[in-house]
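A.B. asks: Pasted the sequence and its predicted model underneath.
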Amino acid sequence: MKKLYGVIGDPIGHSMSPDMHNDAFGALHMEAYYHPFHIKSEELKTAVAGMKAIGLSGFNVTVPHKTAIMPLLDEIDPLAEAIGAVNTVVRDENRFIGYNTDGEGFVRGLNEEYGSSVLDKKIMIIGAGGAARAIYYTLSQQGAERVDIANRTPAKAEELKSRCPYPVETALLSLEQAEEQLGDYDIIIQTTSIGMSPKVSETPIHVKNIRPDAFVSDIIYNPAETMIMKEAKKRGARVQNGLKMFAYQGALAFEKWTGILPDTERMQKIVQNKLGGTSC
């Protein structure tokens with residue numbers, strides 16, 4: 001009998017996770033299947049109990065359930081607890097344990113594309129939402145020396161900094177200050193939805209002061225090249241979109257379920273093909 005895995009969210013029809021995971025199960029000749037479950041918020045508690053009852057081996061969690069699911073699980077990993085969101089649930093006998101692989105997925109993809117560890121670099125994160133929290137806390141947990149935060153709303157950035165349970169040097173910047181001081185940074189990480197399709201002409205900050213040896217990583221992967229990436233490339237900077245992050249967060253979830261890290265390059269190609277484009 002095949003093991004059953006899945007992803008829950010509302011909406012869920014757009015998810016590319018089933019394509020990635022079912023291909024990985026097939027490539028590894030594993031008797032398993034990954035299914036998308038459309039779960040509305042008012043159904044979440046019943047759904048979690050039902051998935052435990054039918055023996056679901058593990059599942060991913062996407063919007064809007066990443067925080068709401070936490071009280072319904074038997075245990076939460078400390079990093080996921082700090083981030084305040086779960087995107088991966090692992091079954092351990094009859095217990096559901098929640099993890100967050102978003103931040104680790106991003107950092108793995110960043111290190112791979114950058115070509116070395118980024119922990120001793122001067123990093124700026126643009127944004128202070130859920131993705132920024134996952135990335136900021138994961139970088140801090142792994143020992144990053146300096147990670148500054150630029151955000152339109154100062155209070156959100158201050159909350160992000162004040163609640164971080166890991167030691168890291170952090171300055172808080174307005175978006176205007178970020179633009180002025182951009183030349184101070186080795187790595188700029190764009191975590192907002194600004195520039196996402198269909199509003200592809202927008203950018204969170206202008207990069208006229210960026211260094212030509214800087215690196216810009218935007219977590220958006222549709223479009224494959226956002227406006228901030230285009231402008232940074234014109235000034236000589238290297239750029240990366242969010243495709244590696246998406247592939248790695250999925251691969252790390254797969255590894256937690258099965259003990260096997262699947263082919264992340266293969267996962268990226270599946271998403272590229274689905275989007276009909278190429279990565280940067």
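C.D. replies: It's in. Residues are numbered from 1 along each chain as shown.

A.B. asks: residues contacting the closest residue to Pro11 other than its chain neighbours?
C.D. replies: Excluding the flanking residues, the one nearest Pro11 by CB to CB, 6 or more residues apart in numbering is His38, at 7.0 Å. For the C-beta atoms, the positions are set from N, CA and C on the backbone; glycine is no exception. Going by CB atoms under 8 Å, 6 or more residues apart in numbering, His38 touches 8-13.

A.B. asks: Which of those residues ranks first by neighbour count?
C.D. replies: Counting neighbours by other CB atoms under 10 Å, Ile8 leads the contacts of His38 with 24 neighbours.

A.B. asks: so that residue touches His65, yeah?
C.D. replies: Yes. Under the criterion of CB atoms under 8 Å, Ile8 makes contact with His65 at 6.0 Å.

A.B. asks: list residues touching both of these two?
C.D. replies: 39, 44.

A.B. asks: now the strands for the stretch 101-250 of the chain?
C.D. replies: Secondary structure of the stretch 101-250 of the chain by DSSP state E, counting those that start in this stretch: the strands cover 122-126, 146-150, 172-173, 187-190, 215-218, 238-240.

A.B. asks: Alpha carbons only: can I get the longest helix along the chain in CSV?
C.D. replies: Longest helix of the chain, by residue count under DSSP state H: helix 243-258. Extracted C-alpha coordinates of helix 243-258, given in CSV (Å, rounded to 0.1, in the frame of the first residue of the first chain):
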residue,chain,number,x,y,z
LEU,A,243,13.2,29.1,-7.4
LYS,A,244,16.0,27.5,-5.4
MET,A,245,14.2,28.4,-2.1
PHE,A,246,11.0,26.8,-3.3
ALA,A,247,12.8,23.6,-4.4
TYR,A,248,14.9,23.3,-1.3
GLN,A,249,12.1,23.9,1.2
GLY,A,250,10.2,21.1,-0.6
ALA,A,251,13.3,18.9,-0.7
LEU,A,252,14.0,19.4,3.0
ALA,A,253,10.4,18.4,3.8
PHE,A,254,10.8,15.3,1.7
GLU,A,255,13.9,14.5,3.6
LYS,A,256,12.2,14.9,7.0
TRP,A,257,9.5,12.4,5.8
THR,A,258,11.7,9.8,4.2
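
A.B. asks: Any idea how far whatever helix or strand comes next after it is from the middle of the chain?
C.D. replies: Moving toward the C-terminus from helix 243-258, the next helix or strand (DSSP states H and E) is helix 264-275. Distance, stretch centre to chain centre, for helix 264-275: 16 Å (CA atoms, centre = their mean, to the nearest Å).

A.B. asks: Identify the spatial nearest neighbour of the spatially most central residue of the chain, chain neighbours not counted.
C.D. replies: Nearest to the mean C-alpha position of the chain, by CA atoms, centre = their mean, lies Asp102 at 3.4 Å. Spatial nearest neighbour of Asp102, excluding adjacent residues (CB to CB, 6+ apart): Ala134 at 4.2 Å.

A.B. asks: can you check Tyr166 too?
C.D. replies: Ser140 (3.8 Å).

A.B. asks: Contacts only, for that neighbour.
C.D. replies: Counting by CB under 8 Å, 6+ apart, Ser140 has contacts 147, 164, 166-168.

A.B. asks: same thing but 6 Å
C.D. replies: Ser140 makes contact with 164, 166, 168 under the criterion CB atoms under 6 Å, 6 or more residues apart in numbering.
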